[in-house]
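Predicted model and sequence below, questions to follow.
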Amino acid sequence: QVQLVESGGGLVQAGGSLRLSCAASGVIFSSYVISWFRQAPGKEREFVSGITWTGGRTLLADSVKGRFTVSRDNAKNTVNLQMNALKPEDTAVYYCATGIQASPSPWARGSGYPYWGQGTQVTVSS
């Protein structure tokens, strides 16, 4: 079993920054991917970013490239999502998820992840 707890959400003006963290506990394999998804009201869940626990591979959705970066702190079992130049369309509940192998699993398919956090709200005002 793996437990995930997100933190760092909040209200920010457009152009501002937030840093989300996902703290993981339990049995975590180094071959796992840990990813961020988001879901806005009335919209489908969307893949945002992913990183392997070894940190060797990362993936960002086109919609956030150049603005978001993902990193991990293995000593703290934490994955961070640094979000800069935020836009109102980034408003959503952000979730972290893990439990899939880095290869050949499709990182962006949310249904493949068995472990999810409770989510943290990010609101970007215009």
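Yep, that arrived.

Could you pull out the strands in the chain for me?
Here the chain has its strands, by DSSP state E, at 2-7, 10-13, 18-26, 32-39, 46-52, 58-60, 68-73, 78-83, 92-101, 115-116, 120-125.

Check what contacts the fifth one and list those residues.
Residues lying outside strand 46-52 but in contact with it, judged by Cβ atoms under 8 Å, 6 or more residues apart in numbering, are 30-40, 57-61, 63-64, 68, 70-72, 79, 81, 92, 94, 102, 107-110. Bear in mind the C-beta positions are built from the backbone N, C-alpha and C, glycine included.

Bridge partners for the residue nearest the centre of the chain, pull those for me.
Closest to where the C-alpha atoms of the chain average out (Cα atoms, centre = their mean) is residue 36, at 2.0 Å. Counting by DSSP bridges, residue 36 is bridged to residue 49, residue 96.

So it is in contact with residue 20, correct?
Yes - assessed by Cβ atoms under 8 Å, residue 36 is found in contact with residue 20 at 7.2 Å.

anything in contact with each of the two?
81, 94, 96.
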